[in-house]
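Q: no sequence on hand, only this structure:
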Ligand code: PBG
């Protein structure tokens, strides 16, 4: 499972290296069959139907990637995002299939409403404020449906206050104590999420996400959120994005005793892809430099769209 063997860091004095075991590959699943649909500003990343996701996992598995983060892409959107907790929803079906075919793969399932709600927001509004209780109720339903499908980790990304506590409670109550929580604890209201929002068609239709995501000028808030998340029962805490937030990763690593994950997000990825296309730098070299920096800062796990390429390069 996650966080095992081959932790290379520390083998040589003053050297930081990462290995394929530190990497998590995000995947986008969509309804249909034989679908492999490119996303305009997200080169090399596709919307895949279940049969193609299985093929992809088989392939990346051969290169040694053993953890994936699953996102559902759907046009079944409504005011409350009800398709997200449908027991036969696209993510739920995908988790079941992956578990059946590849039991050794660690499945992390992203919990959020933004890709399922018509307004693109991560929470439910009551007037112009977020109704936290109602949002937590829905996030918990999603968590339970993922656990029932066989997810190893659930990853709440809504930045709702109390999300870990609510999810831990419903999982424990339904005998899913073994399902772990991979919390997006320090998620900043960032400008680097563009390609992802294009992928999920989840840009907020009004306002922005600063209502619930962190202000990037505020270090204390980020550390407080991570601390609270651990107290509520998070097994892994995440800093997101990664590159502009290496200081936060480092502080988190020094302060907390749980594994730290960093999300090398879509905008960071696409910058590298477009920069390499323009020959500003060599893709492989720049990706190794970036991932080493994230690891050096203290990330135990790195969620990155480069995971497949990196695993291939490492294999050669
Ligand atoms: C949804 C979510 C987002 C990302 C992961 N989960 C986007 C957002 O907050 O708008 C971003 C990932 C990326 O950019 O790669 N809550």
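A: Cool, got the structure. For clarity, every value in this text was computed on a predicted model and none was experimentally measured.

Q: just give me the neighbour total for residue 93.
A: Neighbour count for residue 93, taken as other CB atoms under 10 Å: 17. Heads up, the C-betas are built off the backbone N, CA and C, glycines and all.

Q: so what's it closest to, chain neighbours aside?
A: Nearest residue to residue 93, sequence neighbours excluded (CB to CB, 6 or more residues apart in numbering): residue 50, at 6.4 Å.

Q: contacting residues for the one you found?
A: Counting by CB atoms under 8 Å, 6 or more residues apart in numbering, residue 50 touches 29, 33, 90, 93-94, 97.

Q: and it, its phi and psi?
A: phi -50, psi -40 (degrees, to the nearest 10).

Q: make a ChimeraX selection of the buried ones in the contacts of residue 50.
A: Selection of buried members from those for ChimeraX, criterion 16 or more other CB atoms under 10 Å:
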select :29,90,93,94,97
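
Q: just the contacts of residue 50 now: which is nearest the ligand?
A: Proximity of the contacts of residue 50 to the ligand was ranked by CB to the nearest ligand atom; the top entry is residue 29 with 14.2 Å.

Q: where does whichever residue of the stretch 101-250 of the chain sits closest to the ligand land in three-state SS?
A: Among the residues of the stretch 101-250 of the chain, residue 196 lies closest to the ligand, at 3.2 Å counting by CB to the nearest ligand atom. Three-state call for residue 196 (DSSP: H, G, I helix; E, B strand; the rest coil): helix.

Q: I figured it hits residue 266, correct?
A: Yes. Contact criterion CB atoms under 8 Å: residue 196 and residue 266 qualify, at 3.9 Å.

Q: between these two, what contacts are shared?
A: Joint contacts of residue 196 and residue 266 (CB under 8 Å, 6+ apart) are residue 42.

Q: endpoint to endpoint, stretch 66-85 covers what distance?
A: 25 Å (CA to CA, to the nearest Å).

Q: go on, stretch 261-270?
A: First-to-last residue span, stretch 261-270, CA to CA: 20 Å.

Q: what do you get for stretch 123-132?
A: End to end - CA to CA - stretch 123-132 spans 7 Å.

Q: helix/strand/coil for the closest residue to residue 275 other than its chain neighbours?
A: Closest residue in space to residue 275, ignoring its immediate chain neighbours: residue 281 at 5.8 Å, by CB to CB, 6+ apart. Following three-state DSSP, we place residue 281 in the coil state.

Q: read off the pLDDT value for residue 281.
A: You'll see residue 281 listed with a pLDDT of 98.

Q: now do it against the ligand, distance only.
A: Distance of residue 281 to the ligand, given as CB to the nearest ligand atom, to the nearest Å: 21 Å.

Q: ok, which stretches of the stretch 151-300 of the chain are strands?
A: Using DSSP state E, counting those that start in this stretch, the strands of the stretch 151-300 of the chain run over 153-156, 180-187, 236-240, 260-264.

Q: can you say which of these is nearest to residue 134?
A: If you check each of these against residue 134 by CB to CB, strand 153-156 wins as the nearest, at 15.1 Å.

Q: tell me which residues are up against the closest one.
A: 2, 69, 106-112, 139, 142-143, 146-147, 163-164, 167, 171, 179-184, 235-236, 238.

Q: mean pLDDT for the strands of the stretch 151-300 of the chain - can I get that in JSON lines?
A: As requested, the strands of the stretch 151-300 of the chain are exported to JSON lines (pLDDT from 0 to 100):
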{"stretch": "strand 153-156", "mean pLDDT": "98"}
{"stretch": "strand 180-187", "mean pLDDT": "97"}
{"stretch": "strand 236-240", "mean pLDDT": "98"}
{"stretch": "strand 260-264", "mean pLDDT": "98"}
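
Q: no further questions, thank you.
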